[in-house]
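Undergrad: Provide a 3D model corresponding to the input given below.
(one chain, ligands or ions: 3)
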Amino acid sequence: MAAPVLRCCCSGRRWAFACIDRGSRHGRGAPTGSWFCGKRGQRSVAQQLLSAAQKLRKGEHEWTAVVGLEIHAQISSNSKLFSGSKVHFAAPPNSLVSFFDASLPGTLPVLNRRCVEAAVMTGLALNCHINKKSLFDRKHYFYADLPAGYQITQQRLPIAVNGSLAYSICTGKKQSQVISKTVRIKQIQLEQDSGKTLHDDFRSQTLIDLNRAGIGLLEVVLEPDMSCGEEAATAVRELQLILQALGTSQAIMADGQLRVDANISVHHPGEPLGVRTEVKNLNSARFLAKAIDYEIQRQIKELENGGEILNETRSFDYKLGCTVPMRDKEGKQDYRFIPEPNLPPLVIYDSASLPANADPQQVINIDRIREQIPELPSVTREKLVQQYGMLPEHSLTLLNEVGLLEFFQNVIKETRAEPKKVTSWVLNTFLGFLKQENLAVSESPVTPSALAELLNLLDRKAISSAAAKQVFEELWRNEGKTPAQIVSEKQLELMQDREALEQLCHAVMEEHPQVVMDMKKGNPRAINKLIGLVRKATLNRADPTVIKETLEKQLSPRDVSRPSA
Ligand SMILES: Nc1ncnc2c1ncn2[C@@H]1O[C@H](COP(=O)(O)OP(=O)(O)OP(=O)(O)O)[C@@H](O)[C@H]1O
Ligand SMILES: [Mg+2]
Ligand SMILES: [Mg+2]
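TA: Ligands and ions are numbered 1, 2, ... in the order given. Next comes the predicted model:
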């Protein structure tokens, strides 16, 4: 059967999903891929799929994939959305549960001001319209970790609507082509988190922990504007950075503070959108990308084989790399929404509508919150480009890696070296070492001060760049020595003695007459070979530019006879 083809909006080119079948246990291998730009040694999903597309034959069907996300972010707040219980990650089970959280009869919700402010600030940062009046609703479903049998959410009139999230994807051979994209935000609603169900397979028991029940969530609903896993993962990363910059959510996916439901469908271009499936509770950006790309591929295969797509909920089996149905086919779930009778409409103001003599403790002013919005990641990146002449893709990597921007800024503060040099060392050498050993920036054995000192030595030409690499490797081994100590112990100081260098160059040329001949014949590689040989002879202690000058001087017509003299 002909390979199904998918049109990707990243590139505007057609993608063939069936070409990248890797024969997993299910016979349908999911493409793997990095989830944001700048990942070394790995081809992105877009790149893999693009190269697969080049193998297309005529007469194949084209498919367009559509992806829409619902993102749940836990609000950073000391207490829960409607109760005074503390919010704390990894507290002993059921130690942070009030009567309201456990749904005891007679308890009533009291709205947490901080959660409303966080929703407003997030909405403003995401270019949303803030509804001055919003409503709370009950969404019913029965699950052991939801003691009330319903969740309080904002179904009819959410607090923020019609926003947008801009993000950038790096493509191209060296990930150096930056494509800017925008996904529309349908709404942001305030809602309660549920508790946690823990399955103890050993004792065949199911245990409930209600510590999480009632924590404030922001559900950010994105319009179906994306078309592949990499786009979705990059957009989520950008949202994560924005939430963290605002301080409205810590948004650490590994801790469950940011969870994503991915809605996926496929259709032929020009035809109506296909039936969507929903892959629930993805808490890693890498798995989000994998789950989406797998699901796109699965749906295309299903349809190409004459099957149909069911509007069902699925989960991602990260061990097998595939999505599996979560519940039996039960048709569309009926949540029996009703207005929440115990909460009045949520009314907030702007400076123009604020009632005279209003008690600032009792009202929320949208304009006051707008003034408190800190610098957003897009602005930080723009500044890096402006201030340090950095390439946009480098500014993306600096922000995407946790702690890397701070590390870079600390090095900049302490060194006299050019910002471009610092960028190159931080992004190539430092990040390269971290990736190789799978370490986070916070786990690095090299401190910003040590790197700054190393770059200072390089800047004042005390050492060569090759020697600097050697010093860096020594620093990485973390034996508590400073760059200056390492340079002195290993005798890596740059050779300042011109005469000694001239003699060395002379000797190397005498030992390699053939290379000298090649050089004279105009072979451009020959000079590099000679430079390399001299560098080796000096144990990397000579500046390659000075070596080149010295060699060229000795090879110039006046001195040509010297080597063989
Ligand atoms: N044809 C489609 N293909 C892919 N995604 C779609 C399609 N239609 C809608 N979506 C996406 O599905 C999501 C729908 O989310 P929404 O919260 O409105 O409803 P829901 O999934 O029915 O409710 P719940 O919050 O209970 O999961 C949105 O992110 C939207 O972009
Ligand atoms: Mg939803
Ligand atoms: Mg949904």
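Undergrad: Would you mind listing what in this structure touches ligand 3?
TA: Applying Cβ under 5 Å from the ion, we find that the chain lies next to ligand 3 at 70, 261. C-beta coordinates here come from the backbone N, C-alpha and C atoms, glycine included.
Undergrad: What residues does the chain have near ligand 1?
TA: Contact residues (Cβ under 6 Å from any ligand atom) of the chain with ligand 1: 66-70, 221-224, 261, 263-265, 273-274, 276, 278.
Undergrad: Just the buried residues from those residues, in ChimeraX please.
TA: A single ChimeraX command is used to select the members of these judged buried by 16 or more other Cβ atoms under 10 Å:
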select :66,67,68,69,70,221,222,223,224,261,263,264,265,274,276,278
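Undergrad: does residue 169 sit in a helix or strand, and which one?
TA: strand 160-171 (DSSP states H and E).
Undergrad: Among the residues of the chain next to ligand 1, name the ones in strands.
TA: 66-70, 221-222, 261, 263-265, 278 (DSSP state E).
Undergrad: So for residue 200, what's the nearest residue that isn't a sequence neighbour?
TA: Counting by Cβ to Cβ, 6 or more residues apart in numbering, residue 200 lies nearest to residue 207, which is 6.2 Å off, once chain neighbours are set aside.
Undergrad: For the longest strand anywhere in the chain, which strands pair with it and how are they oriented?
TA: Ordering each strand of the chain by length in residues (DSSP E) puts strand 177-192 first. Within its sheet, strand 177-192 is paired with strand 160-171 (antiparallel), strand 216-222 (antiparallel), according to DSSP bridges.
Undergrad: ok so, going back, dump the ones in strands among the residues of the chain next to ligand 1 into a markdown table; add pLDDT as well.
TA: Listed next are these as a markdown table, based on pLDDT from 0 to 100:
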| residue | pLDDT |
| --- | --- |
| 66 | 98 |
| 67 | 98 |
| 68 | 98 |
| 69 | 98 |
| 70 | 98 |
| 221 | 98 |
| 222 | 98 |
| 261 | 98 |
| 263 | 98 |
| 264 | 98 |
| 265 | 98 |
| 278 | 96 |
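Undergrad: what does the model give the residue lying closest to residue 544 once chain neighbours are set aside for pLDDT?
TA: Distances taken as Cβ to Cβ, 6+ apart put residue 531 closest to residue 544, at 5.6 Å, once the chain neighbours are dropped. Here the pLDDT value assigned to residue 531 is 88.
Undergrad: Can I take it that residue 531 is in a helix?
TA: Yes. Under DSSP: H, G, I helix; E, B strand; the rest coil, residue 531 falls within a helix.
Undergrad: So it versus residue 248, what's the distance?
TA: Distance, residue 531 to residue 248, by Cβ to Cβ, to the nearest Å: 55 Å.
Undergrad: how many neighbours does residue 438 have?
TA: Using other Cβ atoms under 10 Å, residue 438 has 7 neighbouring residues.
Undergrad: So it, which state does it fall into?
TA: coil.
Undergrad: give me the beta-bridge partners of the residue of the chain found nearest ligand 1?
TA: Here the chain gets closest to ligand 1 at one residue, residue 68, 2.1 Å apart by Cβ to the nearest ligand atom. Note on residue 68: beta-bridge partners by DSSP bridges are residue 263.
Undergrad: isn't it right next to residue 231, touching?
TA: No. Judged on Cβ atoms under 8 Å, residue 68 makes no contact with residue 231 at a distance of 11.4 Å.
Undergrad: coming back round to it: would you check which pair of the ones in strands among the residues of the chain next to ligand 1 lies furthest apart?
TA: Using Cβ to Cβ, the two most remote members of these are 221 and 265, lying 15.8 Å apart.
Undergrad: Identify the residue nearest residue 333 in space, chain neighbours excluded?
TA: Nearest to residue 333 is residue 141, by Cβ to Cβ, 6+ apart, at 7.1 Å.
Undergrad: Just give me the neighbour total for the closest residue to residue 346 other than its chain neighbours.
TA: Computed as Cβ to Cβ, 6+ apart, the closest residue to residue 346 that is not its neighbour in sequence is residue 134, at 4.8 Å. As a burial measure, residue 134 scores 22 neighbours (other Cβ under 10 Å).
Undergrad: One more: residue 402?
TA: A count of nearby residues for residue 402, using other Cβ under 10 Å, gives 14.
Undergrad: Provide a list of residues in contact with it.
TA: 440-442 (Cβ atoms under 8 Å, 6 or more residues apart in numbering).
Undergrad: returning to that earlier point: higher neighbour count, residue 531 and residue 248?
TA: For residue 531 versus residue 248, the count of surrounding residues by other Cβ under 10 Å is larger for residue 248: 26 against 19.
Undergrad: My guess is that one contacts residue 122. True?
TA: Yes. Applying Cβ under 8 Å, one finds residue 248 in contact with residue 122, separated by 4.9 Å.
Undergrad: what touches both of these two?
TA: Common contacts of residue 248 and residue 122, defined by Cβ under 8 Å, 6+ apart, comprise 73, 218.
Undergrad: Let's have the contacts of residue 402 in TSV, adding pLDDT and neighbour count.
TA: TSV is the format used below for the contacts of residue 402 (pLDDT from 0 to 100; neighbours: other Cβ atoms under 10 Å):
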residue	pLDDT	neighbour count
440	95	11
441	97	18
442	95	9
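Undergrad: Just the closest of those to ligand 3, please.
TA: Closest approach between these and ligand 3, by Cβ to the ion: residue 440, at 32.0 Å.
Undergrad: ok, the closest one - contacts?
TA: Residue 440 touches 402-403, 434, counting by Cβ under 8 Å, 6+ apart.
Undergrad: do residue 446 as well
TA: Here residue 446 is in contact with 430, 433, 472, 475-476, 478 (Cβ under 8 Å, 6+ apart).
Undergrad: Would you point out the most distant pair within these?
TA: Longest span within the contacts of residue 446, Cβ to Cβ: 430 and 478, 13.9 Å.
Undergrad: Please read off the pLDDT at residue 562 from the model.
TA: Per the predicted model, pLDDT is 44 at residue 562.
Undergrad: so where is the stretch 51-200 of the chain shaky, pLDDT-wise?
TA: Residues of the stretch 51-200 of the chain meeting the criterion pLDDT under 70: 51-60.
Undergrad: Quick one: residues in contact with stretch 109-118.
TA: Contacts for stretch 109-118 (Cβ under 8 Å, 6+ apart): 75-84, 100, 152, 159, 190, 216, 218, 246, 248-249, 340, 342-343, 346, 348, 364, 369.
Undergrad: Please repeat the previous calculation with a cut-off of 7 Å.
TA: In this structure, residues lying in contact with stretch 109-118 by Cβ atoms under 7 Å, 6 or more residues apart in numbering are 75-77, 79-82, 100, 152, 190, 216, 218, 248, 342-343, 346, 348, 364, 369.
Undergrad: ditto for stretch 134-154
TA: 82, 102-103, 109, 155-159, 189-192, 194-197, 206, 208, 213, 335-340, 343, 345-346.
Undergrad: what residue lies at the spatial centre of the chain?
TA: The chain has residue 237 as the residue nearest its centroid, 4.1 Å off, counting by Cα atoms, centre = their mean.
Undergrad: was I right about that residue contacting residue 285?
TA: Yes. Shown here, residue 237 and residue 285 form a contact pair, counting by Cβ atoms under 7 Å, at 5.9 Å.
Undergrad: which residue sits closest to the residue in the stretch 301-450 of the chain positioned nearest to ligand 3, ignoring its sequence neighbours?
TA: In the stretch 301-450 of the chain, no residue comes nearer to ligand 3 than residue 313, which is 8.2 Å away by Cβ to the ion. Of all residues not flanking residue 313 in the chain, residue 326 sits nearest, at 4.6 Å (Cβ to Cβ, 6+ apart).
Undergrad: try residue 235
TA: Closest to residue 235 by Cβ to Cβ, 6+ apart is residue 167, at 4.8 Å.
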